[in-house]
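J.: Sequence isn't available, so here's the structure alone:
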């Protein structure tokens, strides 16, 4: 669930031609005439078509399966879907029958959703975090969020590829690559990196391979791929969505969240995932208001931005000369919509928390991952971090062919969560990101949210050297370390590559944050469908 660019990861842990593949219309996909069109259709539209009887859930599944075959397996070969649910069509039939007999369970009824391959499903699909070491692993029950989605009537269409172990394995890792799933491509420009670790979820959404998708984030793994792929990605407050049944990195920062083509879709999907799990022990649960609202579309209405106070994260600007004009235009649109923008001049920079954060991740991953492996029972293929390391060494030709496992080696060396080093690092993260960061800025300036950049355009994929970075990640990381909600919204394009802005709020403020993001989205309509370019000029 990490998305640490190589330039920052190194600190933390030690003129081409343009070619277009052509428009991907139904005929070019090889779709049969009786398969409905799903390209670029949002959740609300699909729900309306299901409700009217225009389409069935079975037809939607068939349409998405054909797009996956044509675009993901063939054609551009995006490689975003790691596994298809073999029971998808029969589940669709059951949901169609239920709709006819007693009506829909809610807005997600019968809609095909893809989930990241580090989220448990107790069905015929595996849950592996992209690692060959967990192939054959079959959890005994669904993750809590999967139970919620199934209860809401969502259809789990399959699993998406990811950066292996959610990008917590090696120092020079390439986002979007896993030993089990191979490399996922950016659908806008195929030689550019999709970012990670929720690479497959972002790509599948952008390419209309599903109605919506679920990603996970520890630091940047929802927002960064959403920004690079040009979709909406929401990282909720840590604890808003139960982490039960998700392969962990760090309990102080981990969360699942929705990835969608629109802000409203993200809100609808979050509504199907969120809830109160008595077993959820996130530290921010203590701040959860008793009247917490789970209708995340409540503030999506005209004029929502009027009078909203937004703090511009000034220390994080001016990192990319082609992104600066997009950010300036975005801020101007917010003003034109009635928002009041005030500058924040004293937000902390990444160097003030980076080293401490990685120490926290090392300790928490050791404890959390080994607890997860123990939950798989005595038949689990690996039981400790040392077992994973040994498996990778034994299968180096498949697992270690592009980069190593230095991060996991450090994880294996750590002790328990009672360590003084761990407690000191966690306290520093809390102090910098919350007290001296987001809390201070929002309280001092009476802000409704903070707005700023959400990374630059995607860099070239290079399996030999790992990820490259165009910068702009500090606000993503600040919100992640704090455990506070943040959302990425498309804002423009640089040479065909998406660029996003992001909004950060206080914990449990998702309703207001989604309303603000919706207002910006509706005023700009900046998102563009992917064009599947082979390459664009660098620089």
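T.: Received it, and whenever you're ready, just let me know what you need. Everything numeric in this text was worked out from a predicted model, so none of it was measured.

J.: Tell me where this protein is predicted with low confidence.
T.: For the chain, the stretches with pLDDT under 70 are 1, 3-34.

J.: distance from the centroid: which residue in it tops it?
T.: Of all residues in the chain, residue 101 has its C-alpha farthest from the mean position, at 35.5 Å, by CA atoms, centre = their mean.

J.: hang on, that one in a helix?
T.: Yes - secondary structure of residue 101, determined by DSSP: H, G, I helix; E, B strand; the rest coil: located in a helix.

J.: Quick check: the gap between it and residue 503.
T.: Spatial separation of residue 101 from residue 503 under the definition CB to CB, to the nearest Å is 42 Å. For every residue, glycine as well, the C-beta is placed using N, CA and C.

J.: Could you do residue 491 as well?
T.: Using CB to CB, we find residue 491 at a distance of 11 Å from residue 503.

J.: ok, now residue 300?
T.: Taking CB to CB as the measure, residue 300 falls 14 Å from residue 503.

J.: Same question for residue 296.
T.: Distance, residue 296 to residue 503, using CB to CB: 14 Å.

J.: again with residue 278
T.: Computed as CB to CB, the residue 278 to residue 503 distance reads 30 Å.

J.: Residue 369 too?
T.: Remark: distance between residue 369 and residue 503 (CB to CB) = 31 Å.

J.: Skip ahead from the helix or strand hosting residue 90 and say which helix or strand is next.
T.: Under the criterion DSSP states H and E, the helix or strand holding residue 90 is helix 88-102. Past helix 88-102, heading to the C-terminal end, the next element that is a helix or strand (DSSP H and E) is strand 112-116.

J.: Indicate each strand paired with that following strand and its parallel or antiparallel sense.
T.: Here strand 112-116 has these sheet partners by DSSP bridges: strand 155-160 (parallel), strand 212-217 (parallel).

J.: neighbouring contacts of the next helix-or-strand element following the first one?
T.: Scanning forward in sequence from strand 155-160, with DSSP H and E defining helices and strands, the next element found is helix 164-167. Outside of helix 164-167, the residues that reach it under the criterion CB atoms under 8 Å, 6 or more residues apart in numbering are 1-4, 118, 129-131, 173, 175, 177-180, 196-197, 216, 218, 221, 247, 249, 408.

J.: Among those residues, which are located in strands?
T.: Counting by DSSP state E, those place 177, 178, 216 in strands.

J.: nearest to residue 291, of the residues you listed?
T.: residue 216 (27.6 Å; CB to CB).

J.: Around the closest one, how many other residues sit close by?
T.: Using other CB atoms under 10 Å, residue 216 is surrounded by 29 other residues.

J.: How about the one 5 residues further on?
T.: Close neighbours of residue 221, defined as other CB under 10 Å, add up to 38.

J.: For it, give me its contacts.
T.: Here residue 221 is in contact with 1, 2, 3, 163, 166, 167, 196, 197, 198, 215 (criterion: CB under 8 Å, 6+ apart).

J.: out of those residues, who has the most neighbours?
T.: Of all the contacts of residue 221, the highest neighbour tally under other CB under 10 Å goes to residue 198, namely 40 neighbours.

J.: Please determine how far it is located from residue 431.
T.: When distances are taken as CB to CB, residue 198 and residue 431 turn out to be 28 Å apart.

J.: what do you get for residue 368?
T.: The gap separating residue 368 from residue 431 is 23 Å, by CB to CB.

J.: Looking at those two, which one has more neighbours?
T.: Here residue 368 and residue 431 are set side by side on neighbour count (other CB under 10 Å), and the busier one is residue 368, at 21 against 15.

J.: wait, what's in contact with that one?
T.: 248, 249, 250, 251, 254.

J.: Which one of those residues sits in the busiest neighbourhood?
T.: Ranked by neighbour count under the definition other CB under 10 Å, the contacts of residue 368 are headed by residue 249 with 31 neighbours.

J.: List the contacts of that one.
T.: Remark: with contacts taken as CB under 8 Å, 6+ apart, residue 249 is in contact with 1, 2, 166, 168, 218, 361, 364, 365, 368, 369.

J.: looking at it, residue 535 is touching residue 190, isn't it?
T.: Yes - taking contacts as CB atoms under 8 Å, residue 535 lies within contact range of residue 190: 7.2 Å.
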